[in-house]
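In: One predicted model, sequence on top.
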Amino acid sequence: MALNKEWGWPYAMFCALSISLCIVIDILQYSAVLSFLPQGLKDDGYQSHEISAVVGSYYWAGFLGGSCITSWQIRKVIAMEEEPLKWSHLKGHVINLIIGLMCGAIALTVEGLWPTFGVHFITRFAQGFLGAFLFFFSFFLSIELFQAKSFQQRIAITMSTMALHCAEVFGPFFGASVFMRFGQRAVFLTLAGMSLFGQLMLFIVYITLPGDTERYTITPRTPDNPSEKTPLLSGRELKRERGRAARRRWRELKNMLTTPMLWRSVLVVAPAAMVKAALENILPLFADHKLKYNEYEVGLCFTLIAVSFLTTSIIISFSWGFLDDAGQNWFVTLSMVFLGITSSTLLLAYMYGGDCNLLIDDLLDATPDCAPYTHSVRFFYLCLVLFGIASAGCFTPAGYLIGDYIDSLHNPATKDAANGIWNTLWEVGGCLGIALSGIPDTRNWVQEQVLMASIGMVIIVCAFTFAWVSMLADDEDDEGGSARMCCVPKETSEPWTPDADYTPGELTP
């Protein structure tokens, strides 16, 4: 039996909104302070690597939390018997989200009451560690709480992706607005209040989800469905069956770690996360020392990225189903190339209308003595919009790709492990971007530009690697479909039932 995940649209949208709000609150803990915290620490005399340590502790802790989750899920794949997905499994994930938000609200309150350098570092580290769990369970629910390959599932994945990235880039504008009106403490306390509201919505989702004895769909038995009950076995047969089951679990783990279907999604999300995290750390400092922007104007820059990202993601969610596999692969490849080009040229946009030798002058003297030229501000804003469009073209399809792969798996432990690997490597990309952004001097525009251009080239290389891996994934999918067709009995008027000598775990051609 399989879970019946067909919901009415109002309830489906409420669940998707609750999951997305959890992601929004989680990411706002990181992004809402970007418009004022780096500048504040710089004014207090801290160096770029110290600022990156405070800002990046969120990402580093997220990587640590993701590694813990992934290690535990891989252990479950190896050591535990396969069980069918149950409603209690999904409801347990909802409870984990509520607990994570509650702990995050406590950390936000502490950070708001005692905003020192050490408290910022420790609380943001705790928020990042909890955030890894929040994003892991949220993204899993956005996939598994809805019918596979349905429009509801695609909308839920799109909402989760938009929630993450819009909160990440719109957060500085939100934080700057609250900061300039009410002060730094109000930002953290406002986020804590939002966390309480998110917990309430998730609690409603928890109490309205079915129990383990409700909403199931009867599915015919197939020879590759190990979840069906088997007859009682003798001691020797039981030992033999346990050995076969152990080998099957190791084979399942090996297949998961070597499949191109998983790694092509990682090739999209990890490099994109690296450039996005680097820009989020560099842009406030660049706008401060080169463009003379205040906190509100820095927030406006991030808002332009957020709006363009949101709009592009909505368009992609409606048009993705009309593309065939080749079209989807080409779309992602070109989006990655476009993101690489945009990130390489973004910080040059303010030079539009100036002398050609400006870059040479800055190489010799990087002091902030150049005001934006005529029309250069508009061109700089246009490049921010293009960066948001290119980011959406990478992150949104990456969610669809990993969602398709997770849906193709049967074992809940394997689903969790694949989701954990993907989320953890996403965090790796973000951590690397944050670490690299600490290399340039806080007032050296040339070093910042060289870093962004280098990361852009890396993304372009990853784009062509993605195209190659996608061809392998398509070949694997075709071969898997052919193998399944060989092993599934021909259609008859009655469901397939195993022969008397059928042994679980072995397929008969």
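Out: Yes, it's here. Residues are numbered from 1 along each chain as shown.

In: which SSE is residue 278 in?
Out: According to DSSP states H and E, residue 278 maps onto helix 260-289.

In: per-residue confidence averaged over that helix?
Out: Computed over helix 260-289, the mean pLDDT rounds to 84.

In: How far does that helix sit from its chain's centre?
Out: How far helix 260-289 lies from its chain's middle: 11 Å, per CA atoms, centre = their mean, to the nearest Å.

In: Of all the residues in it, which ones are buried?
Out: In terms of neighbour count (16 or more other CB atoms under 10 Å), helix 260-289 has its buried residues at 260-289. All C-beta atoms are positioned from the backbone trio N, CA, C, and that covers glycine.

In: Equivalent analysis for stretch 449-463, please.
Out: Per 16+ other CB under 10 Å, stretch 449-463 contains these buried residues: 449-453, 455-456, 459-460, 462-463.

In: Tell me how many other residues surround the nearest residue to residue 464 once chain neighbours are set aside.
Out: Spatially, and ignoring its direct neighbours in sequence, residue 464 is nearest to residue 333 (7.3 Å; CB to CB, 6 or more residues apart in numbering). Residue 333 has 21 neighbours, counted by other CB atoms under 10 Å.

In: Would you map the helices across the stretch 301-450 of the chain?
Out: Assigned by DSSP state H, counting those that start in this stretch, the stretch 301-450 of the chain shows helices spanning 325-345, 358-364, 376-408, 412-437, 445-487.

In: circling back to that earlier point, list just the nearest of the buried residues of stretch 449-463 to residue 305.
Out: If you rank the buried residues of stretch 449-463 by distance to residue 305 using CB to CB, residue 452 comes first, at 14.1 Å.

In: can you tell me which residues contact the closest one?
Out: Taking CB atoms under 8 Å, 6 or more residues apart in numbering as the criterion, residue 452 is in contact with 275, 278-279, 282, 343-344, 346-347.

In: if we go to 6 Å?
Out: Contacts for residue 452 (CB atoms under 6 Å, 6 or more residues apart in numbering) come out as 343, 347.

In: now do residue 441
Out: residue 447.

In: Please tell me how far it sits from residue 51.
Out: 11 Å (CB to CB, to the nearest Å).

In: Then residue 159?
Out: 32 Å.

In: More neighbours: the two, which one.
Out: Legend: neighbour count by other CB under 10 Å for residue 159 and residue 51, higher for residue 51 (24 against 21).

In: Surely the more buried one touches residue 41?
Out: Yes: judged on CB atoms under 6 Å, residue 51 makes contact with residue 41 at a distance of 4.9 Å.

In: export stretch 401-410 as PDB, just CAs?
Out: As requested, the backbone C-alpha atoms of stretch 401-410 are provided in PDB (Å, rounded to 0.1, in the frame of the first residue of the first chain):
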ATOM      1  CA  LEU A 401      16.000  17.300 -10.300                       C
ATOM      2  CA  ILE A 402      16.600  16.100  -6.800                       C
ATOM      3  CA  GLY A 403      12.900  15.700  -6.300                       C
ATOM      4  CA  ASP A 404      12.600  13.400  -9.300                       C
ATOM      5  CA  TYR A 405      15.400  11.300  -8.000                       C
ATOM      6  CA  ILE A 406      14.000  11.000  -4.400                       C
ATOM      7  CA  ASP A 407      10.600  10.100  -5.800                       C
ATOM      8  CA  SER A 408      12.200   7.200  -7.800                       C
ATOM      9  CA  LEU A 409      13.400   5.600  -4.500                       C
ATOM     10  CA  HIS A 410      11.200   3.300  -2.400                       C
END
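
In: what's that stretch in contact with?
Out: Contacts for stretch 401-410 (CB under 6 Å, 6+ apart): 143, 148, 157, 261-262, 265, 415, 418, 422.

In: now do stretch 63-75
Out: For stretch 63-75, contacts defined as CB under 6 Å, 6+ apart pick out 129, 132-133, 136, 416-417, 420-421, 423-424, 427-428, 431.

In: Identify the farthest-apart pair in the residues you listed.
Out: That would be 416 and 431, which, of those, are the farthest apart (CB to CB) at 21.8 Å.

In: Quick one: work out the angle between the one helix or strand residue 26 maps to and helix 260-289.
Out: Taking DSSP H and E as the criterion, residue 26 maps to helix 9-31. Interaxial angle of helix 9-31 relative to helix 260-289 (axes from the mean of the first three to the mean of the last three CA atoms, to 10 degrees): 50 degrees.
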